[in-house]
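What would the 3D arrangement of this be:
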Amino acid sequence: MENGGSPVKNWRFIGNEKLTQASAITVRGVLNMLMENLNPDEARPVIPLGHGDPSAFPSFRTTPLAEDAICSALRSAKFNGYSSTVGIPPARRAVAEHLSKDLPYKLSPDDVFLTIGCTQALEAIVTVLARPGTNILLPRPGFPYYEARAGFSDLEVRHFDLLPENNWEVDLAAVEALSDENTAAMVVINPGNPCGNVFKYDHLKKVAETARKLGILVIADEVYDHLTFGESPFVPMGVFGSIVPIITVGSISKRWIVPGWRLGWLVTHDPNGILMKQGIVDSIKGFLNITSDPATFMQGAVPEILENTPADFFTKIVNTLKESAEICYDRIKEIPCITCPSKPEGSMFVMVKLNLSLLECFKDDTDFCCKLAKEESVIVLPGVAVGLKNWLRITFAIEPSSLDDGLSRMKAFCGRHAKKQ
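Numbers count the residues shown, from 1 in each chain. Next up is the predicted model:
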């Protein structure tokens with residue numbers, strides 16, 4: 001007999017299987033699995049080339065102005081209460097003004113919805129679009145949280161390819177072929193995660209024109225905005241808001257190197273009022289009415305952070321990323337079994353192809369990464385986690401010296417497991 005009375009024949013509650021299914025392949029889940037393969041007796045430090053959070057490294061320390069802004073907002077005692085579900089007005093206004101600097105028109109504070117990081121922003125728009133029978137077009141490779149959230153929301157996913165031979169441009173012919181009367185939107189990630197590409201103005205305009213032709217909106221994931229260091233400058237998708245409705249998701253996480261602060265936004269670029277007419281804006285508000293808000297004191301610090309961060313902070317971060325990207329690209333060329341189709345120009349990542357035919361005893365990219373972790377204490381994300389099997393996503397956003405060490409270990413590992421000629 002159980003405590004409290006007679007035995008229960010059947011408990012009537014059970015876990016939601018959709019949650020475990022939706023989260024089967026996520027970046028964090030795969031990285032946690034790789035960490036379990038580390039050799040506990042290894043004396044060398046672990047080299048993390050699999051994540052997008054360089055905040056622990058001295059070269060990527062955020063600006064003191066941002067830290068001071070948080071402290072000032074907290075100590076002011078003005079931001080101890082609940083926030084509006086859409087965000088407090090000064091923060092919404094600051095984001096609108098910040099983003100408008102790159103646009104041919106001015107955003108209104110009413111176009112801005114503050115979220116708990118970019119993650120909640122993409123949760124919001126995916127949930128808003130998830131009506132019965134609807135589908136969404138996602139890039140391959142891409143950021144797997146879109147697939148996870150869409151799966152949980154019963155939103156059908158269809159994948160279009162990014163073309164490595166064309167600097168990872170969108171296969172627009174595939175977008176048209178995949179779309180039907182039930183397609184609601186397509187996602188564009190720029191600068192690119194996981195590819196490190198930066199889309200040019202002309203290509204983004206073609207994306208907008210294709211979406212308009214199909215009658216779908218564009219979700220522009222711009223969490224890595226302005227983290228560019230190649231020939232192509234960052235062009236916000238909102239520039240083309242007069243062609244097609246745009247939903248931008250972004251945050252301070254990457255550009256300010258503070259992913260743990262969890263302050264993001266969802267922004268509507270809709271000068272023609274289409275999103276309002278189609279009920280998207282009201283649905284976004286409805287979603288935010290039943291979810292949590294970013295911490296109010298974080299919102300209180302946003303105007304100071306966005307308006308007064310010194311330009312030399314951004315220059316320093318971009319220059320460090322550029323240096324690391326060049327080290328990564330050059331060192332990868334020294335590893336025969338790995339091919340990099342194009343030099344990274346933005347974000348914090350690069351996708352490289354793994355040639356298993358030159359190696360012994362590896363089943364696939366996941367097996368390669370597990371053994372690399374065990375033998376060399378280097379963590380690299382297998383490409384299958386972002387949609388490309390037998391590729392690797394390498395993060396170069398760490399200390400340049402650690403990056404060089406990690407790639408040297410990878411080279412030694414591949415040499416040790418190379419097929420004998």
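
So for stretch 58-76, what gets flagged as buried?
In terms of neighbour count (16 or more other CB atoms under 10 Å), stretch 58-76 has its buried residues at Ser59, Phe60, Thr62, Thr63, Ala66, Ala69, Ile70, Ala73, Leu74. Where you see a C-beta, it was placed from the backbone N, CA and C, and this is true even at glycine.

Quick check: the gap between the last one and Ser292.
Distance check for Leu74 against Ser292: by CB to CB, to the nearest Å, it reads 19 Å.

Turn the buried residues of stretch 58-76 into JSON lines, columns for pLDDT, distance to Val170 and secondary structure.
As requested, these are exported to JSON lines (pLDDT from 0 to 100; distance: CB to CB, whole Å; DSSP: H, G, I helix; E, B strand; the rest coil):
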{"residue": "Ser59", "pLDDT": "95", "distance to Val170": "32", "secondary structure": "helix"}
{"residue": "Phe60", "pLDDT": "97", "distance to Val170": "30", "secondary structure": "helix"}
{"residue": "Thr62", "pLDDT": "98", "distance to Val170": "32", "secondary structure": "coil"}
{"residue": "Thr63", "pLDDT": "98", "distance to Val170": "34", "secondary structure": "coil"}
{"residue": "Ala66", "pLDDT": "98", "distance to Val170": "34", "secondary structure": "helix"}
{"residue": "Ala69", "pLDDT": "98", "distance to Val170": "37", "secondary structure": "helix"}
{"residue": "Ile70", "pLDDT": "98", "distance to Val170": "38", "secondary structure": "helix"}
{"residue": "Ala73", "pLDDT": "98", "distance to Val170": "40", "secondary structure": "helix"}
{"residue": "Leu74", "pLDDT": "97", "distance to Val170": "43", "secondary structure": "helix"}
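
and which of the residues you listed is nearest to Phe199?
Closest approach between these and Phe199, by CB to CB: Phe60, at 24.5 Å.

how much space between the closest residue to the closest one other than its chain neighbours and Leu122?
Closest residue in space to Phe60, ignoring its immediate chain neighbours: Pro54 at 4.0 Å, by CB to CB, 6 or more residues apart in numbering. For Pro54, the distance to Leu122 equals 21 Å [CB to CB].

got it, and Thr85?
Taken as CB to CB, the span from Thr85 to Leu122 is 17 Å.

quick one, which of the two is more surrounded?
Neighbour totals were compared for Thr85 and Leu122, and Leu122 leads with 24 against 16 (other CB atoms under 10 Å).

Nearest spatial neighbour of that one, chain-adjacent residues omitted?
Val249 (5.2 Å).

My reading is that the one you found is in a helix; is that accurate?
No: Val249 sits outside any helix when classified using DSSP: H, G, I helix; E, B strand; the rest coil, being strand.

Could you point out the longest helix of the protein?
Across the chain, the longest stretch assigned as helix under DSSP state H is helix 311-332.

now that helix, how far from the chain's geometric center?
Relative to the chain's own centre, helix 311-332 is displaced by 19 Å; criterion: CA atoms, centre = their mean, to the nearest Å.

Identify all contacting residues around it.
For helix 311-332, contacts defined as CB atoms under 8 Å, 6 or more residues apart in numbering pick out 59-60, 63, 65, 196, 226-229, 255, 257, 338, 340, 343-345, 348, 350, 352, 394, 396-398, 400, 403-404, 407-408, 411.
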